[in-house]
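**Q** sharing a model that was predicted from the sequence below.
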Amino acid sequence: MHAIIVSAPGGPEVLEYVERPDPVPGEGEIVVDVAASGVNFIDVYHRSGAYPLDLPTPIGSEGAGAVSAVGPGVRDVAVGDTVAWANVLGSYAEKAVIPAARAVPVPDGVPADVAAAAMLQGMTAHYLTHSTHEVREGDEVLVHAGAGGMGQLLIQLAKLRGATVHATVSTAEKEKQARAAGADDVLRYDDFVEALRGRIDVVYDGVGAATFDGGLEVLRPRGLMALYGAASGPVPPLDPQILNKRGSLFLTRPTLVHYIAEREELLRRASDVFGWIASGRLAINVSRRYPLAEAGRAHEDLAARRTTGKLLLVP
């Protein structure tokens, strides 16, 4: 089979398309014929060394496909089942080895490639809007990068919970995408602070350094900043006294792994996301599909913010 590996940290050019032996499942594992792999910023962090890994390593954290083999001790998954997963390294491949406990059944109403696109970002949007800050009817929410894959999902889930949603984007074309996702108000990055100062209950920020300080300024007293990513670079160290001066603000840096640590929670979040997709209440915008061998081009496009919606690698 073919897979993408990283032997040294660096730019998209370090993503190597290699041939490897077909995997064999161990105790509690399954092998999946990958239908599609999601491309996410965490993959960029792994590739660049921002999140160090032992090298050489396979890369890719999300995917879906049909089970082709099961290892000893696996009881709830069978050959032929369609499953999806997130936070499992080695997903940029034609075949992936997945712990059975991390595999989620994909319902009949959700195509495998859509499931691959929905897992990591869909469950992230779920925990951010349902757990990190339980969005309520009447809340005013700010979503940065509203035209991106994460941004569009956050807008939709916040709207499902009755919020007024403001979004930031960089271009007129991206404004159309954010509005199509349901944003009530779309702003550019250079004017959102003056427009929203002191009004917002929760800021969802995956941009990081470029938007963080402004995000604190738009929060109302006791508002929450949920910093879930750093597409523009890491946020510098912060004096916590700033949170006091701005109105007893809350700040959190959450990550998905802590919100799906128990299988029951993983299944609940994935089931909600897939249920909304199947019913038409949540749309997954897959904007581009790339051959597996072109993983480097997908990373270039993602990092350069040339895309809207979700990117997939298709073996």
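**A** Alright, I've got the coordinates.
**Q** any low-confidence regions in the stretch 1-150 of the chain?
**A** Applying pLDDT under 70 to the stretch 1-150 of the chain picks out no residues at all.
**Q** quick one: the strands in it?
**A** For the stretch 1-150 of the chain, the strands defined by DSSP state E, counting those that start in this stretch occupy 2-6, 15-19, 29-39, 57-58, 62-70, 82-86, 95-99, 104-105, 140-143.
**Q** next, the buried residues of stretch 152-165.
**A** 152-159, 161, 163-165 (16 or more other CB atoms under 10 Å). For glycine as for every other residue, the C-beta is placed from the backbone atoms N, C-alpha and C.
**Q** wait, V314 touches A295, no?
**A** No: in this structure, V314 is not within contact of A295 by CB atoms under 8 Å, at 10.9 Å.
**Q** the more surrounded of these two?
**A** A295 (25 against 14; other CB atoms under 10 Å).
**Q** L224 versus the residue nearest to Y17 when sequence neighbours are not counted, what's the distance?
**A** With sequence-adjacent residues excluded and distances taken as CB to CB, 6 or more residues apart in numbering, Y17 is closest to A293, at 4.6 Å. Separation of A293 from L224 (CB to CB, to the nearest Å): 42 Å.
**Q** more crowded one of these two?
**A** Using other CB under 10 Å as the criterion, A293 and L224 rank with L224 on top: 16 against 13.
**Q** quick check: mean pLDDT of the one helix or strand the more buried one maps to?
**A** Assigned by DSSP states H and E, L224 belongs to strand 219-227. Averaged across strand 219-227, the pLDDT comes to 98.
**Q** residues of that strand that come out buried?
**A** Buried-residue list, strand 219-227, by 16+ other CB under 10 Å: 219-220, 223-227.
**Q** that one pairs with which strands, parallel or anti?
**A** strand 200-205 (parallel), strand 250-252 (parallel) (DSSP bridges).
**Q** next, the contact list for T82, please.
**A** Contacts for T82 (CB atoms under 8 Å, 6 or more residues apart in numbering) come out as 64-67, 105-106, 112, 115.
**Q** check G109 too.
**A** Counted by CB under 8 Å, 6+ apart, G109 has contacts 274, 277-278.
**Q** 10 Å instead, please
**A** Counting by CB atoms under 10 Å, 6 or more residues apart in numbering, G109 touches 274-275, 277-280.
**Q** same thing with H166?
**A** 140-144, 146, 155, 158, 178, 183-187, 192, 195-196, 199-200, 203, 218.
**Q** burial check on E29, number of neighbours?
**A** Count around E29 with other CB under 10 Å applied: 22.
**Q** quick one: it and V97 touch, right?
**A** Yes: counting by CB atoms under 10 Å, E29 touches V97, with 5.5 Å between them.
**Q** quick one, helices of the stretch 51-200 of the chain?
**A** Counting by DSSP state H, counting those that start in this stretch, the stretch 51-200 of the chain has helices at residues 112-127, 149-160, 172-181, 192-196.
**Q** distance of G208 relative to P234?
**A** G208 is 6 Å from P234, by CB to CB.
**Q** those two: which has the busier surroundings?
**A** Shown here are G208 and P234; by other CB under 10 Å, G208 has more neighbours (17 against 11).
**Q** now for the more buried one: which residues touch it?
**A** G208 touches 144, 227-235, counting by CB under 10 Å, 6+ apart.
**Q** phi, psi of it?
**A** phi 100, psi -120 (degrees, to the nearest 10).
**Q** now it. Nearest residue, chain neighbours left out?
**A** Residue nearest to G208 in three dimensions, not counting chain neighbours: A230, with 3.2 Å by CB to CB, 6+ apart.
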